[in-house]
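Peer 1: Predicted model, plus sequence, below.
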Amino acid sequence: MRSIFSKILVFGLGTALFTTAALSIFLSGLFSDYFTYKYEIQQDKAVREVKELTERYIRGQLAIARYNQEIQIIDRLEKTHFCILDLNNRLLFATDPDIAGAPSDEMLQHLAKETKKNGKTTMMLNDPDNSSLDLLVTSIAIPKLTIIAFTLIEDIHGPIRNLIHLVWFAAMGAFAISIIPTYLISRYFTSPFTKMNQAALKMGQGDFSARINISRTDEIGRLAQTLDYMAIQLEALERTRQDFLANVSHELRTPLTSIRGFAQGMLDGTVPLTKHPTYLARIYAESERLAEIVDDLLTLARLRSGHLQFNWTDVVPGTVLSEVVEICRPIAAEKNVGLILSGTSSEKTIQADPQRLTEVFINIIDNAIKFSPPDSTVYVQSGWTPTEFWVKFADEGAGIPADELPNIFDRFYIGNPSSRQEYAGTGLGLAISKLLIENHGGNITVHNRGPRGCEFTIKLPLKNTANAV
């Protein structure tokens, strides 16, 4: 199968060949017609000069010797031969009677008749036996005489052929010269595709570090930049996936190791019977933790595929928020963190799934408590606008590093483990919360509050246009 390079090269050379051939044919025809016309004008001028000389000779103003000399000069200069006929079409004078290709008697008789009829005649006379003796003839009548000028067509076409040969040689030279720029242009347009193909093959093999790096601003350059951007995103996604797998493996391994250790101790008698209830409770707690991780994974998968079921109903969001705050108070108290709820109480409703809304609020408040130092406070404030309900969650922790803010809602993103190791989880909570809020037709944002802490803001519309009830 031909490559794009060969197709562009063949097309370019074909176009150049067609253009030069068409131009050469056009110029050949143009030059041929032009020079034939110029010869006709030149011959007409010459015959008029001879006519004037002949009239002067008849009037006695020019001697016979001078008359012959003047006509011979015109013959040599204009390369046109002359003959003069009387009223009976007899040849009286010829500049070169023995010249090859001179008009035959039949031709002369025919010309004389046409000239007497029209006064002046220009025509091509063809020799059926020898085309090299074809003539361009101009004749003009004066009283009692007919002047005939003739030129061999071969004498006209010879210079024209030489010029046409030059035109075709120039065309072939131009075509030959065009091969190099056509090749370079074809390579210029197709070489990026080779790089793209190589990069795509590497990405298909899992190497997302491949880059095309083409500094062009046309459509090909923008395509290359898009592929580079895609490679960067795939590379980032792959790193995130690897981090997620490592983190999930750790999260799953920890409860599994505990469950296996507790069960083995109970089976081999290391743990006395009196402590079995305690160890069974720990096994149960670890299994609950495992179930929670698996549930998060399933929830995220269903959200992204659009298969998660929602129970849409009219909900008073302030009531849901108050209940969540009360649920989280023991967790905050255990860490010695204050939890303050403020805002305008209202019975206004929004269209929402109360269970999913509770999950989001719990996740945000739980994170705020988790990253708050002892003796600090988490503030929860809510309010209304004419079109939406909003709630803000603010803590007094260390905040989120600026370079992590754009990725905080990415699935599997857990931030910098070296600085937040004790809080690292699966990186699913905020990703799930963002998708749940978006399914409610709202949005969630985060920013740092200056020297201490960060603030999450959730906005939910009164009418859920994303999923109407």
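Peer 2: Thanks, I have it.
Peer 1: in the protein, which spans are helices?
Peer 2: In chain order, the chain shows helices spanning 4-58, 64-78, 105-118, 153-204, 219-267, 276-305, 317-334, 354-370, 417-420, 429-439, with DSSP state H as the criterion.
Peer 1: closest one to Ser382 among those?
Peer 2: Nearest to Ser382 among those is helix 317-334; the distance by Cβ to Cβ comes to 5.8 Å. C-beta coordinates here come from the backbone N, C-alpha and C atoms, glycine included.
Peer 1: Verify the contact between Asn336 and Pro374 for me.
Peer 2: Yes. With contact defined as Cβ atoms under 8 Å, Asn336 reaches Pro374; the gap is 4.3 Å.
Peer 1: higher neighbour count, these two?
Peer 2: Counting neighbours by other Cβ atoms under 10 Å for Asn336 and for Pro374 shows that Asn336 has the greater number, 11 against 7.
Peer 1: for the more buried one, what are its contacts?
Peer 2: Contacts of Asn336 were listed using Cβ atoms under 8 Å, 6 or more residues apart in numbering, and they are 374-375.
Peer 1: quick one: contacts for Glu49?
Peer 2: Listed by Cβ under 8 Å, 6+ apart, the contact set of Glu49 reads Ile74.
Peer 1: separation between it and Lys79?
Peer 2: In this view, Glu49 and Lys79 are 14 Å apart by Cβ to Cβ, to the nearest Å.
Peer 1: same deal with Leu227?
Peer 2: Separation of Leu227 from Lys79 (Cβ to Cβ): 71 Å.
Peer 1: who has more neighbours, the two?
Peer 2: Neighbour comparison, Leu227 and Lys79: the larger count goes to Leu227, with 20 against 15 (by other Cβ under 10 Å).
Peer 1: I'd say that one and Gln198 touch.
Peer 2: No. If you go by Cβ under 8 Å, Leu227 and Gln198 don't touch, sitting 11.1 Å apart.
Peer 1: ok, now which ones touch Ala263?
Peer 2: Residues in contact with Ala263 (Cβ under 8 Å, 6+ apart) are Ile283.
Peer 1: Repeat that for Gln225.
Peer 2: The contact partners of Gln225, taken as Cβ under 8 Å, 6+ apart, are Ile214.
Peer 1: Check Ile214 too.
Peer 2: Shown in contact with Ile214 (Cβ under 8 Å, 6+ apart): 192, 195, 220-221, 224-225.
Peer 1: try 10 Å this time
Peer 2: With contacts taken as Cβ atoms under 10 Å, 6 or more residues apart in numbering, Ile214 has the following neighbours: 191-192, 195-196, 220-225, 227-228.
Peer 1: Just the buried ones among these, please.
Peer 2: Of all the contacts of Ile214 considered here, the ones buried according to neighbour count by 16 or more other Cβ atoms under 10 Å are 192, 195-196, 220, 223-225, 227-228.
Peer 1: Kindly reformat these as JSON lines containing pLDDT.
Peer 2: Below are the buried ones among the contacts of Ile214 laid out as JSON lines (pLDDT from 0 to 100):
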{"residue": "Pro192", "pLDDT": "78"}
{"residue": "Lys195", "pLDDT": "81"}
{"residue": "Met196", "pLDDT": "81"}
{"residue": "Ile220", "pLDDT": "79"}
{"residue": "Leu223", "pLDDT": "83"}
{"residue": "Ala224", "pLDDT": "83"}
{"residue": "Gln225", "pLDDT": "83"}
{"residue": "Leu227", "pLDDT": "84"}
{"residue": "Asp228", "pLDDT": "84"}
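Peer 1: tell me which of the residues you listed is nearest to Leu91?
Peer 2: Distance to Leu91 across these (Cβ to Cβ) is lowest for Ile220, with 77.8 Å.
Peer 1: looking at this structure, which helix or strand does the model trust least?
Peer 2: Among the secondary structure pieces of the chain, namely its helices and strands, helix 417-420 has the lowest mean (mean pLDDT, DSSP states H and E), a mean of 48.
Peer 1: For the residue in the chain sticking out farthest from the centre, give me phi and psi.
Peer 2: Most distant residue from the mean C-alpha position of the chain: Gly60, 86.3 Å away (Cα atoms, centre = their mean). Recorded main-chain torsions at Gly60 are phi 80, psi 10, according to degrees, to the nearest 10.
Peer 1: Quick check: it vs Tyr67, distance?
Peer 2: Note on Gly60: its distance to Tyr67, by Cβ to Cβ, is 11 Å.
Peer 1: next one: Glu292
Peer 2: With distances defined as Cβ to Cβ, the gap from Glu292 to Tyr67 amounts to 128 Å.
Peer 1: For those two, work out which one has more neighbours and name it.
Peer 2: Counting neighbours by other Cβ under 10 Å for Glu292 and for Tyr67 shows that Tyr67 has the greater number, 18 against 13.
Peer 1: List the contacts of the residue nearest to that one when sequence neighbours are not counted.
Peer 2: On the basis of Cβ to Cβ, 6 or more residues apart in numbering, the spatially nearest residue to Tyr67 that is not a chain neighbour turns out to be Tyr57, at 4.5 Å. Each residue near Tyr57 by Cβ under 10 Å, 6+ apart is listed here: 63-64, 66-68, 70-71.
Peer 1: and Tyr39, how many neighbours does it have?
Peer 2: Counted with other Cβ under 10 Å, the burial measure for Tyr39 works out to 21 neighbours.
Peer 1: which one is it nearest to, not counting chain neighbours?
Peer 2: In this structure, Tyr39 finds its nearest non-sequential neighbour in Ile156, 5.0 Å apart by Cβ to Cβ, 6+ apart.
Peer 1: right, and the one you found touches Phe31 too?
Peer 2: No. Using Cβ atoms under 10 Å, Ile156 and Phe31 do not qualify as a contacting pair, with a distance of 11.8 Å.
Peer 1: what about these two, which has more around it?
Peer 2: Each of Ile156 and Phe31 has its neighbours counted (other Cβ under 10 Å); Ile156 has more, 22 against 16.
Peer 1: that older thread, mean pLDDT for the helices of the chain: which is lowest?
Peer 2: Note on the helices of the chain: lowest mean pLDDT is at helix 417-420, with a mean of 48.
Peer 1: how far does stretch 387-406 stretch from start to finish?
Peer 2: Distances were taken as Cα to Cα, to the nearest Å; on that basis the terminal residues of stretch 387-406 are 27 Å apart.
Peer 1: Okay, buried residues for that stretch please.
Peer 2: For stretch 387-406, a neighbour-count test (16+ other Cβ under 10 Å) marks 388-397, 399-400, 404 as buried.
Peer 1: a markdown table please, covering those and showing pLDDT and distance to Pro461.
Peer 2: Shown next, in a markdown table, are the buried residues of stretch 387-406 (pLDDT from 0 to 100; distance: Cβ to Cβ, whole Å):
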| residue | pLDDT | distance to Pro461 |
| --- | --- | --- |
| Glu388 | 91 | 5 |
| Phe389 | 93 | 8 |
| Trp390 | 94 | 10 |
| Val391 | 94 | 13 |
| Lys392 | 94 | 17 |
| Phe393 | 94 | 19 |
| Ala394 | 93 | 23 |
| Asp395 | 91 | 26 |
| Glu396 | 87 | 30 |
| Gly397 | 85 | 30 |
| Gly399 | 84 | 29 |
| Ile400 | 84 | 26 |
| Glu404 | 82 | 29 |
